[in-house]
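Student: Compute the structure for the input listed below.
(chains A and B)
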Amino acid sequence: MTAVEAMASTLSRIDVGGSEVVVHNAGSGTPVGYLHGMVGTPPGSPLLAAAEAASLAITAPCLPGFSGSAPSTLTRNVHDWVFHLSSILDATGLTGGPMVASSVGAMVALELAAVRPEAFSQLILLAPLGLWDDEDPVVDAYATTPSMQRRLLTKDPNATAIFFDDPDGLEGDDLIEYGVARYQTRTSAASLVWPIPEHGLSDRIHRVGTPVTLVWGADDQIAPLSYLDRWFSALPNVTDAHTVADAGHLVDWDQPTEVATIVAAALQKADGVRA
Amino acid sequence: MKTAFFHLMPYPELPADFPETHRSVWVDIDPKLFDPKVGHRAYNDYLDELEYAASVGFDAVGINEHHSNGYGLMPSPNIIAASLSRSCPDATIIVLGDSVALYNPPLRVAEELAMLDNITGGRMVAGFPVGSPMDTIFAYGQNPSTVRERYHEGVDLITKAWTSDEVFSFNGKYNKLRYVNVWPRPVQQPHPPIWIPGGGSVDTWDWCAENDLVYCYLSYFGYKAGLHTMNGFWNRVRELGKEPNPFQGGFAQFIACADTEAEAWELYREPAEYFFNTCLHVYAGYADPPGYKTPNTVRSGVEGMVERAAREATARAEASAARKDAANDVATGGKPEPKGPLSAGPNQLTFEQMVEKGYVILGDPTQVTEQIHELCTNMNVGHLMALAHFGNMSKDLVKYNTKLIGEKVLPELRNLFEDEWEDKWWPKPMPTEDRQLRDLSESTLTAARGASA
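Tutor: Sure, this is the predicted structure:
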């Protein structure tokens, strides 16, 4: 990522129900929301950097506890997360628009779509979590050390360097607080998938009428590629499915340009259908 | 000072090559390794050892709770405590303790401990650990981001249930109970003493200091390494303007005592190596699920005890695997190197290192007395959890160790702190004359046999 690309996003903090929520904006063109996966959306996240070239205007809010958004003390179960996301969509103006959602973010987005059909016009889901098969379980991403987790999340462990590595030049208390914030993001992600990333969505998924594009990393070590078929069968309105080569679970971190291209094409196709 | 004989109840027959052939002794230990015949013998031996300790001078017997764990066969300490409550008629019974967040509702803890308090006539201590990540987060599936909040709510519920003299409703975040009414009521009033076993969370220091609870550091790594943690607790006590009463502190220590130091080196090598190199073979990936630590603990950089054990065990395993690979490639033509079952491997802790670092206090009774005195005075600890059984010790060896400690060491230490400080956290049982002891009269036994015939 070049310095220009890193600066291509802006960060703002908004108040949502008394809690501070971090929102990134990047690129110009077709508006779309972006809901992060397990490592949140730190500044310079690859999909934000790829937005401009794909003519996407991305608005990326961070769920409570992720990437600097205030942690919530009200979160007991997945339904509380759904409540938070619903409020965040309303506050950011993303309600009713298209959304790219990854991993745990995709799981919460689907839960919301099941109870609030007007929440999204279209979903582009990157390796969503939320289904479970005893014979083919989703891998526990947290029964491991951070260095091993990093190798599980992406095909190229360096792809998540801006999350797992300490920034150059940071020292003392600033470095400690950076580490605490990273721990908080990992905490929030873990709390969504613990102990099993299945919160009854399969009982509600028939209510998700939103058009869905599925995107999967061919080398996903968290949710095996076999889950692409499960989602394809379970979701009522899948319009398209893509497998991305040389990509792991956080497919947009391994292959941001390709994912941005898929997103832009999916948005264009939906526009064509609506027109 | 007061001393408890503390038992971890390890599985005594893990294979000699366990660290090389298995990932972890905790969470995903191979179920096929468990032989119920060994389990039957171990449980009964361990109960014998606890009962023996109570008869040779120990003030208390202590037990704890672990799950899916090859070094701790007590998923339910209350079952063991129930047995001891009848077979140890005078000793204090320290349940250290029940992992409150794992009980649904935690009212079950209030009820069972109240039962034990009644059976023992008020001789019990109630310990409430958060529980290790292996126990709570992995083995019992608790969410790491909420386990501490759930724990604190549970402790609040239990103490209120013990102390309220009216039926009440409890509308918690995790526990919603329309009618709370613990029956039986505890003997000790307002409730049994509460001790908190900690593993290195700075927020646990604060909580114990602020609420006058006993902070017990149940470390594997002995008094030299434990000093930093105990000092952290006492610093918080002083910062709050409170007195550092040593009876508000507890510490666990492995002890290997023999008639002579030379004999101790000979007798305790194998069980110590079994414990530290096999029983503590914990996979590092289970040690730090995000959310288990509080932000303050992350900020402090304090490494929890099980986190350290797991990190060191995994490093040893990785080094051993690398060494074996290299040896296979270069020296042995692919054949595994032979390894004797009783000697530490090249990447394992040696008994000498364990003693040098203070993990194990070793010596004759005089030497052991001196070291425990140093431990208690340096750490300001008035409650010692003596681990006189460790690893795969035979019952005879445990008794030998226990008898020497109980009869030759503890009498020299018993008055420590007692003149200067009041132990406000020791049980206050019923007067002896009011206590009902086990009825072993012939008529009772005959009646029992007749009933079962």
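
Student: How about the residue nearest the centre of chain A, nearest residue that isn't a chain neighbour?
Tutor: Geometric centre of chain A, nearest residue: A:H36, 2.5 Å, by C-alpha atoms, centre = their mean. Closest residue to A:H36 apart from its sequence neighbours, by C-beta to C-beta, 6 or more residues apart in numbering or on different chains: A:G105 at 5.1 Å. In this view, the C-beta of every residue, glycine as well, is placed from N, C-alpha and C.

Student: Can you verify my assumption that the residue nearest to the centre of chain A contacts A:L63?
Tutor: Yes - the pair A:H36 / A:L63 is scored as a contact, 7.4 Å apart, by C-beta atoms under 8 Å.

Student: hey, what's in contact with both of these two?
Tutor: Common contacts of A:H36 and A:L63, defined by C-beta atoms under 8 Å, 6 or more residues apart in numbering or on different chains, comprise A:G105.

Student: just the strands in chain A please.
Tutor: Per DSSP state E, chain A carries strands over the ranges A:9-16, A:19-26, A:30-35, A:56-61, A:97-102, A:120-126, A:212-217, A:238-244.

Student: just checking, what packs against the third one?
Tutor: Under the contact definition 3 or more C-beta pairs under 8 Å, 6 or more residues apart in numbering or on different chains; DSSP states H and E, strand A:30-35 sits against strand A:56-61, helix A:78-92, strand A:97-102, helix A:103-115, helix A:256-274.

Student: For it, buried residues please.
Tutor: A:T30, A:V32, A:G33, A:Y34, A:L35 (16 or more other C-beta atoms under 10 Å in any protein chain shown).

Student: partners of it in the sheet?
Tutor: Strand pairing for strand A:30-35, using DSSP bridges, gives strand A:56-61 (parallel), strand A:97-102 (parallel).

Student: Could you pull out the buried residues of the first one?
Tutor: Judged by neighbour count (16+ other C-beta under 10 Å), strand A:56-61 contains these buried residues: A:L56, A:I58, A:T59, A:A60, A:P61.

Student: what's the angle from it to helix A:103-115?
Tutor: 90 degrees (axes from the mean of the first three to the mean of the last three C-alpha atoms, to 10 degrees).

Student: what is the orientation angle of strand A:56-61 with strand A:19-26?
Tutor: 170 degrees.

Student: B:F170: neighbouring residues, count only.
Tutor: 19 (other C-beta atoms under 10 Å in any protein chain shown).

Student: excluding its backbone neighbours, what's nearest it?
Tutor: Nearest one to B:F170, counting by C-beta to C-beta, 6+ apart, is B:L177 at 4.5 Å.

Student: returning to that earlier point: relative to B:E153, which of the strands of chain A is closest?
Tutor: strand A:19-26 (21.8 Å; C-beta to C-beta).

Student: Pull that closest one out as PDB, backbone CA atoms only.
Tutor: The C-alpha trace of strand A:19-26 is given here as PDB (Å, rounded to 0.1, in the frame of the first residue of the first chain):
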ATOM      1  CA  SER A  19     -21.300   5.500  22.500                       C
ATOM      2  CA  GLU A  20     -18.500   6.600  20.200                       C
ATOM      3  CA  VAL A  21     -18.400   4.800  16.900                       C
ATOM      4  CA  VAL A  22     -15.400   5.000  14.500                       C
ATOM      5  CA  VAL A  23     -16.400   5.500  10.800                       C
ATOM      6  CA  HIS A  24     -14.000   5.400   7.900                       C
ATOM      7  CA  ASN A  25     -14.800   6.900   4.500                       C
ATOM      8  CA  ALA A  26     -12.700   6.000   1.400                       C
END
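
Student: Around chain A, which positions in the stretch 151-300 of chain B sit nearby?
Tutor: Proximity of the stretch 151-300 of chain B to chain A, by C-beta under 8 Å from any C-beta of the partner chain, involves residues B:173-174, B:284-286, B:288-291, B:293, B:295, B:298-299.

Student: redo that, cut-off 10 Å
Tutor: B:173-174, B:283-293, B:295-300 (C-beta under 10 Å from any C-beta of the partner chain).

Student: How about the contacts made by B:I80?
Tutor: By C-beta atoms under 10 Å, 6 or more residues apart in numbering or on different chains, the contact list for B:I80 reads B:7, B:9, B:43, B:46-47, B:50, B:61, B:63-65, B:73-74, B:93, B:95.

Student: Go again with 7 Å.
Tutor: B:I63, B:M74 (C-beta atoms under 7 Å, 6 or more residues apart in numbering or on different chains).

Student: Is it correct that it falls within a strand?
Tutor: No - under DSSP: H, G, I helix; E, B strand; the rest coil, B:I80 falls outside any strand and is assigned helix.

Student: mind checking how far it is from chain A?
Tutor: Distance from B:I80 to chain A, counting by C-beta to the nearest C-beta, to the nearest Å: 27 Å.

Student: returning to what we had before: pull the contacting residues for the residue nearest to the centre of chain A.
Tutor: Applying C-beta under 7 Å, 6+ apart, the residues contacting A:H36 are A:A60, A:C62, A:F66, A:S102, A:G105.

Student: Skipping adjacent residues, who's closest to the third one in space?
Tutor: If the residues on either side of it in the chain are set aside, A:F66 comes closest to A:G40, at 3.8 Å by C-beta to C-beta, 6+ apart.
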